[in-house]
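J.: The sequence and its predicted three-dimensional model are supplied below.
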Amino acid sequence: MSDKKIKRVTILPGCISCGTCEEICPDVFEVKDTAHVKDDGDLEQNAELVREAADICPVQVIAVEEEE
């Protein structure tokens, strides 16, 4: 687990719309045609789940940028 704050989360091209990220962290991720990060998603409150979703993503398209 990282102690760093998450600055930004991005969905890279290649999402297969499997819904895993939304299942793990529905407060931050939503899948329509492809996954996207909700504008009002609280990254700080859900940091652990965001990192878990990024780790579990089968095509590794969730980019988590942390503060330095």
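T.: Done, it's in. Numbering: from 1, shown residues only.
J.: in the chain, what spans have low per-residue confidence?
T.: Within the chain, the stretches with pLDDT under 70 are 1-2.
J.: Which of the helices or strands spans the residue most central in space within it?
T.: The centroid of the chain falls nearest to residue 50 when counting by CA atoms, centre = their mean (4.6 Å). Per DSSP states H and E, residue 50 falls inside helix 47-56.
J.: My understanding was that the residue nearest to the centre of the chain contacts residue 64; is that so?
T.: Yes. The pair residue 50 / residue 64 is scored as a contact, 6.3 Å apart, by CB atoms under 8 Å. For every residue, glycine as well, the C-beta is placed using N, CA and C.
J.: Please list all residues in contact with the nearest residue to residue 37 once chain neighbours are set aside.
T.: Closest residue in space to residue 37, ignoring its immediate chain neighbours: residue 9 at 5.0 Å, by CB to CB, 6 or more residues apart in numbering. If you count contacts by CB atoms under 8 Å, 6 or more residues apart in numbering, residue 9 has them with 28, 37, 41, 43, 50, 54, 62, 63, 64, 65.
J.: Isn't the third one up against residue 27?
T.: Yes. In terms of CB under 8 Å, residue 41 counts as a neighbour of residue 27; the distance is 6.0 Å.
J.: Mind listing residues that contact stretch 11-27?
T.: For stretch 11-27, the external contacting residues (CB under 8 Å, 6+ apart) are 28-31, 33-38, 41-42, 45-46, 49-50, 52-54, 56-59, 61-63.
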